[in-house]
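Visitor: Any chance you can model this:
(4 chains)
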2 protein chains.
Amino acid sequence: MPPRIPDAVDAILAQWRMEKPDLDLGPMGLIGRLGRCGALIRRRLDLTFERFGLSGWEFDMLATLYRSGPPYCLAPTTLFSTLMVTSGTMTHRLKGLEARGWVERHVNPDDARSSLVQLTSEGRQLIDAAIEAHVDNEKKIIAGLPAADQAALDQLLARLLAVLENGRESEKLD
Amino acid sequence: MPPRIPDAVDAILAQWRMEKPDLDLGPMGLIGRLGRCGALIRRRLDLTFERFGLSGWEFDMLATLYRSGPPYCLAPTTLFSTLMVTSGTMTHRLKGLEARGWVERHVNPDDARSSLVQLTSEGRQLIDAAIEAHVDNEKKIIAGLPAADQAALDQLLARLLAVLENGRESEKLD
DNA sequence: AGAATGTGTCTTGATATCAAGGTAAATCGG
DNA sequence: CCGATTTACCTTGATATCAAGACACATTCT
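Guide: Okay, here's the model as predicted:
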């Protein structure tokens, strides 16, 4: 374990150590770094989305529809639960994507309460190009981390995600 | 390396594998898991903040002032650059915290353009209690991950953060 | 069938955020 | 020491988000 270059989180932990020496800072370091990595990565991702005239949420929506495969069609409920937003947010998002001509709404023959949201061919072409640039960008963003570290990090994040997704929430939500 | 329980990101990657088999999905898996862990953790953190009548950004602001140590006083510019928000956002945040009686603004004798934002004793007492509950909560959130994994994950995130913070952005922003 | 309950979506109103631009104070270069 | 530039902050206007609740349709139970 080589000595690390101090990062912004190290500085924060050092301050807490001065002010409240009794705090257990291990979890704060991990969670702080995770959050900060996420924020910095999101900024870098947005730069590529902008090149396609897309915002982050627009990319997410189109990509979710695209990767569902032909006929590129999902119900609003599927979309908002997948994307972790509320139904009201989904209403606005769909209105925006429809106005831009990237999705269309069809009546759902099986359930008159809901509609089906389908990618148009314009939307499909756009996201098809954007996804390739996006993946290249992701690769560049983490390229400074050795391949072995990337694999190990992915493995550990998968374990953490399993804990967060499956984990006995009842005992932890307090 | 034990076989993992499939998580939400595995399902997403499997869909891409069907639709666009040529994509290199390694980076997408890592970045997807990182983002999703971050979102799930943030939700859990908010539950504890609510118990103190705080939102996430309110906690962040008070904690930043508190950990700076006596006299618990920082300039707005320091706050917004530390917290990665714009100056306009900071204006609104400070107005809110002032209205709640948790911070006060003083004139800066050294620079009449800026003010100094100081934690009140009410603000200090509140964040002093909240920080302890927060750290306990963070510990619980990741408790399902073995201690060795926690340490290894922190180490790898620190390396990634160093890449993201220091890393030769010029060659990657494209 | 009809009532009660559940589900899917949209509306409304309140927040939080940013980008862009404005203003005043500080600082720098001759 | 004075004009030009930079810095610090605030204002404005536009978006994105959520929580709560309204409403129509679906399902289930009698």
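Visitor: near DNA strand D, which residues of chain A?
Guide: Applying C-beta under 7 Å from any atom of the strand, one finds that chain A approaches DNA strand D through A:55, A:57, A:84-89, A:92-93, A:96, A:111-113. Bear in mind the C-beta positions are built from the backbone N, C-alpha and C, glycine included.
Visitor: what helix or strand is A:Ala112 on?
Guide: Assessed by DSSP states H and E, A:Ala112 sits outside every helix and strand.
Visitor: Show me how chain A divides into domains.
Guide: Using the TED database, the domain ranges for chain A come out as A:7-51, A:53-149.
Visitor: Compare these and report which one is nearest to B:Ala162.
Guide: domain A:7-51 (5.6 Å; C-beta to C-beta).
Visitor: returning to what we had before: reformat the domains of chain A into JSON lines and put distance to B:Tyr66, mean pLDDT and mean neighbour count next to each item.
Guide: Formatted as JSON lines, these follow (distance: least, C-beta to C-beta, whole Å; pLDDT from 0 to 100; neighbours: other C-beta atoms under 10 Å in any protein chain shown):
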{"stretch": "domain A:7-51", "distance to B:Tyr66": "7", "mean pLDDT": "96", "mean neighbour count": "17"}
{"stretch": "domain A:53-149", "distance to B:Tyr66": "31", "mean pLDDT": "96", "mean neighbour count": "16"}
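Visitor: quick one: which of those domains is nearest B:Ala133?
Guide: Closest to B:Ala133 of these, according to C-beta to C-beta: domain A:7-51, at 11.3 Å.
Visitor: per-residue confidence at A:Arg168?
Guide: Per-residue pLDDT puts A:Arg168 at 48.
Visitor: A:Pro2 too?
Guide: For A:Pro2, pLDDT reads 68.
Visitor: picking up where we left off before, out of the residues of chain A next to DNA strand D, who's nearest chain B?
Guide: A:Met84 (6.1 Å; C-beta to the nearest C-beta).
Visitor: is chain B contacted by the longest helix seen in chain A?
Guide: When chain A is scanned for its longest helix (criterion: DSSP state H), the result is helix A:26-51. Yes: residues of helix A:26-51 are located near chain B by C-beta under 8 Å from any C-beta of the partner chain, namely A:26-31, A:33-42, A:44-45, A:47.
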